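Student: Whatever this is, show me its structure:
(4 chains)
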Protein chains: 4
Amino acid sequence: MFVTTFERVKFFDTDVMGVVHHANYIRMFETGRVEFLRAIGIDLNEMMSDGILFPIIEVDAKFHAPAHFDDELELRTIALELTRAKMHFRYEIRLRGDEKLLAEGTSTNVFTHDGKICRLPEKFFTRLAEGLK
Amino acid sequence: MFVTTFERVKFFDTDVMGVVHHANYIRMFETGRVEFLRAIGIDLNEMMSDGILFPIIEVDAKFHAPAHFDDELELRTIALELTRAKMHFRYEIRLRGDEKLLAEGTSTNVFTHDGKICRLPEKFFTRLAEGLK
Amino acid sequence: MFVTTFERVKFFDTDVMGVVHHANYIRMFETGRVEFLRAIGIDLNEMMSDGILFPIIEVDAKFHAPAHFDDELELRTIALELTRAKMHFRYEIRLRGDEKLLAEGTSTNVFTHDGKICRLPEKFFTRLAEGLK
Amino acid sequence: MFVTTFERVKFFDTDVMGVVHHANYIRMFETGRVEFLRAIGIDLNEMMSDGILFPIIEVDAKFHAPAHFDDELELRTIALELTRAKMHFRYEIRLRGDEKLLAEGTSTNVFTHDGKICRLPEKFFTRLAEGLK
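Tutor: The predicted structure is shown next:
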């Protein structure tokens, strides 16, 4: 399963080199991840209310071509692995409706409770498992 | 009393127009404010541990001339009013060692406890009052 | 005339105090401003291609109540003054569909060419003037 | 060779989960990289004046333990590979004076001229080569 989201490049996403600053793609990945989870019924505020956090433990990205101010980006968020122990996603960023890959990456979150690694409770896992269908 | 801090302009502070993005000066003001408070013995983590937050209720800024990547900025943070009810600061940003004002502004914080406006406890106010000397 | 845009609060918009960091409202104002201009046919990339920049010379904001992660914000961008010399906008931020004002502010841009203040060329001003109708 | 820099965690570096937002470590890596280059005599403004840019093509990071507001971080930037074609750095972030690794990562920049991959001119490469000693 994948979820597609769209985002305009803002002035504050760019830098003096005229392109989107690379760290901002890592932020865009997060936006995709949150919308993917929403699409399968996972509300991160509900998870936080239950005392569960989901820290990122690893992220990587490759940048193939630059994006510019006001470009409309299409972000595809793809579930690679969703278990009681972690969420592993892949991201692809293109200009809207274009085939060329501008940036891609992956991220891994674990789940924690009171600062310790935990396994995701049933009620959330049931929904999370939908993301791999 | 005023406190002077220094900060290099980073790539991620700039935008496609080649200059520091205006919203980043608002962030710099905060850096100056935190260092001003540290200089008079106020540790904001200690305040937060006591359940006191200090939301900004007002900020304004004027931008006179641009700053660029790698410029070394000198930020002067000046206390205008420090009471049990609020902190009112003024900020001036120049190139290090230069007289010309690049940006200036003010901010106002109040104090809150459990989400409600409160008056600052004695132990913090005693230190805060030093900032006006 | 005003233009309404919507924006979800992201994790990276919030800070340790659990609410949207105040500097991020200044960024949201910009998003509203760009969309207002798009609505009246002004493409800022076209303006930049013609060598015209539009630096912010003044911004102010008041923060009445906090916004939180995943809140859907409704930003109203209102033209106060649009001339050949400057653009003056007002912004209002609320939860989507809610009446309560969370944050408000104003900004002023001027126009520059080769780093000097200029008057906006006819082709852009004709469109800009629509924004006051 | 490595270069050590220090940085205080700001409110705007943190998020609602109470810790430094992971994308901000990618920004810190850049700060270390710029200071490493300055230490070996490379001024990126000079490089940009000569029409040479240095886009990031790859970045990765692992996050082992969180950093919090006001923590003083120690960033070690280590040159792994510095050639006429690319710069490959490694980063390690710890609390100042502490042994425990909080975050680590690597990045790769290439050099471009007029948007095309280029080989770094002699005058810059001579200095860059110092970074591997």
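
Student: Spatially nearest residue to the residue of chain A found nearest chain D, not counting backbone neighbours?
Tutor: Among the residues of chain A, A:Asp60 lies nearest to chain D; the distance is 3.6 Å by Cβ to the nearest Cβ. C-beta coordinates here come from the backbone N, C-alpha and C atoms, glycine included. Nearest non-adjacent residue to A:Asp60, counting by Cβ to Cβ, 6 or more residues apart in numbering or on different chains: D:Asp60, 3.6 Å away.

Student: List of residues touching the host helix or strand of that neighbour?
Tutor: If you go by DSSP states H and E, D:Asp60 is part of strand D:56-63. With contacts defined as Cβ atoms under 8 Å, 6 or more residues apart in numbering or on different chains, strand D:56-63 is touched by A:22, A:55-64, D:22, D:25-26, D:29, D:86, D:91, D:102-110.

Student: Got a quick ChimeraX command for the buried subset of those?
Tutor: Only the buried entries of the contacts of strand D:56-63 go into this ChimeraX selection, using 16 or more other Cβ atoms under 10 Å in any protein chain shown:
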select /A:22,55,56,57,58,59,60,61,62,63 /D:22,25,26,29,86,91,102,103,104,105,106,107,108,109,110
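
Student: related to what we said a few turns ago, please give the centre-to-centre distance between the strand holding D:Asp60 and its chain.
Tutor: Relative to the chain's own centre, strand D:56-63 is displaced by 10 Å; criterion: Cα atoms, centre = their mean, to the nearest Å.

Student: Specify the angle between that strand and strand A:56-63 in degrees.
Tutor: 180 degrees (axes from the mean of the first three to the mean of the last three Cα atoms, to 10 degrees).

Student: neighbouring strands for strand D:56-63, and are they parallel or not?
Tutor: strand A:56-63 (antiparallel), strand D:101-110 (antiparallel) (DSSP bridges).

Student: Quick check: A:Glu130 touching A:Leu37?
Tutor: No: contact status for A:Glu130 versus A:Leu37: not in contact, 10.4 Å apart, counting by Cβ atoms under 8 Å.

Student: So which of the two has more stuff around it?
Tutor: Between A:Glu130 and A:Leu37, A:Leu37 has the larger neighbour count (other Cβ atoms under 10 Å in any protein chain shown), namely 24 against 14.

Student: what about the most centrally placed residue in chain A, helix or strand, and which?
Tutor: With distances taken as Cα atoms, centre = their mean, A:Arg33 lies nearest the centre of chain A, 2.9 Å away. Element membership for A:Arg33 (DSSP H and E) is helix A:22-39.

Student: Need the per-residue pLDDT for A:Tyr107.
Tutor: Wrong residue type there; residue A:107 is Ser, not Tyr. Note on A:Ser107: pLDDT of 98.

Student: brain fart, A:Pro121
Tutor: pLDDT, A:Pro121: 96.

Student: and the residue in chain A sticking out farthest from the centre, how far is that from chain B?
Tutor: Within chain A, A:Val16 marks the point farthest from the mean C-alpha position, 25.9 Å out by Cα atoms, centre = their mean. Look at A:Val16 and chain B: by Cβ to the nearest Cβ, to the nearest Å, they are 4 Å apart.

Student: next one: A:Gly97
Tutor: 23 Å.

Student: Quick check: that residue touching A:Phe6?
Tutor: No: counting by Cβ under 8 Å, A:Gly97 does not reach A:Phe6; the two are 10.0 Å apart.

Student: Now for the two: what residues contact both?
Tutor: Joint contacts of A:Gly97 and A:Phe6 (Cβ under 8 Å, 6+ apart) are A:Glu74.

Student: Chain A against chain D: which residues are in contact?
Tutor: A:16-17, A:19, A:22-24, A:26-27, A:30, A:48, A:53, A:55-64, A:66 (Cβ under 8 Å from any Cβ of the partner chain).

Student: What is the burial count for the nearest residue to A:Asn24 once chain neighbours are set aside?
Tutor: In space, and not counting its chain neighbours, A:Asn24 is closest to A:Asp13: 4.7 Å by Cβ to Cβ, 6+ apart. A:Asp13 has 26 neighbours, counted by other Cβ under 10 Å.

Student: contacting residues for A:Asp13?
Tutor: A:20-21, A:24, A:69.

Student: can you check A:Phe6 too?
Tutor: Counting by Cβ under 8 Å, 6+ apart, A:Phe6 has contacts A:72-75, A:96.

Student: Which ones among the residues you listed map onto strands?
Tutor: Applying DSSP state E to these, the entries found in strands are A:72-75.

Student: Give the PyMOL command for selecting the buried subset of those.
Tutor: In PyMOL syntax, the buried subset of those is picked out as below (16+ other Cβ under 10 Å):
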select buried, chain A and resi 73+74+75
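
Student: In CSV, list the ones in strands among the contacts of A:Phe6 along with pLDDT.
Tutor: Shown next, in CSV, are the ones in strands among the contacts of A:Phe6 (pLDDT from 0 to 100):
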residue, pLDDT
A:Glu72, 98
A:Leu73, 98
A:Glu74, 98
A:Leu75, 98
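
Student: Out of the ones in strands among the contacts of A:Phe6, flag the one nearest to A:Leu82.
Tutor: A:Leu75 (18.3 Å; Cβ to Cβ).

Student: ok, that closest one - contacts?
Tutor: A:4-7, A:28-29, A:31-32, A:91-93.

Student: Would you mind checking these for buried ones?
Tutor: For the contacts of A:Leu75, buried by 16+ other Cβ under 10 Å: A:5, A:7, A:28-29, A:31-32, A:91-93.

Student: May I see those organised as JSON lines, with pLDDT added?
Tutor: As requested, those are exported to JSON lines (pLDDT from 0 to 100):
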{"residue": "A:Thr5", "pLDDT": "98"}
{"residue": "A:Glu7", "pLDDT": "97"}
{"residue": "A:Met28", "pLDDT": "98"}
{"residue": "A:Phe29", "pLDDT": "98"}
{"residue": "A:Thr31", "pLDDT": "98"}
{"residue": "A:Gly32", "pLDDT": "98"}
{"residue": "A:Tyr91", "pLDDT": "98"}
{"residue": "A:Glu92", "pLDDT": "98"}
{"residue": "A:Ile93", "pLDDT": "98"}
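
Student: quick one: the closest residue in space to A:Glu7 that isn't next to it in sequence from D:Ile57, how far?
Tutor: Once flanking residues are discounted, A:Glu7 sits nearest to A:Leu73: 5.0 Å by Cβ to Cβ, 6+ apart. Per Cβ to Cβ, to the nearest Å, A:Leu73 is found 18 Å from D:Ile57.

Student: do the same with A:Ala65
Tutor: Distance from A:Ala65 to D:Ile57, by Cβ to Cβ: 10 Å.

Student: ditto for A:Arg127
Tutor: Taking Cβ to Cβ, one finds A:Arg127 at 36 Å from D:Ile57.

Student: before we move on, back to that, and the two most separated of the contacts of A:Phe6?
Tutor: Largest pairwise distance in the contacts of A:Phe6, by Cβ to Cβ, is 10.7 Å, between A:Glu72 and A:Leu75.

Student: between these two, what contacts are shared?
Tutor: With Cβ under 8 Å, 6+ apart, A:Glu72 and A:Leu75 have common neighbours A:6-7.

Student: Three-state assignment for A:Met47, please.
Tutor: helix (DSSP: H, G, I helix; E, B strand; the rest coil).

Student: Hmm, A:Phe54 and it touching each other?
Tutor: Yes: between A:Met47 and A:Phe54 there is a contact under Cβ under 8 Å: 6.9 Å.

Student: re the thing from before, residues in contact with the residue nearest to A:Glu7?
Tutor: A:6-9, A:28, A:67, A:93-96, A:102.
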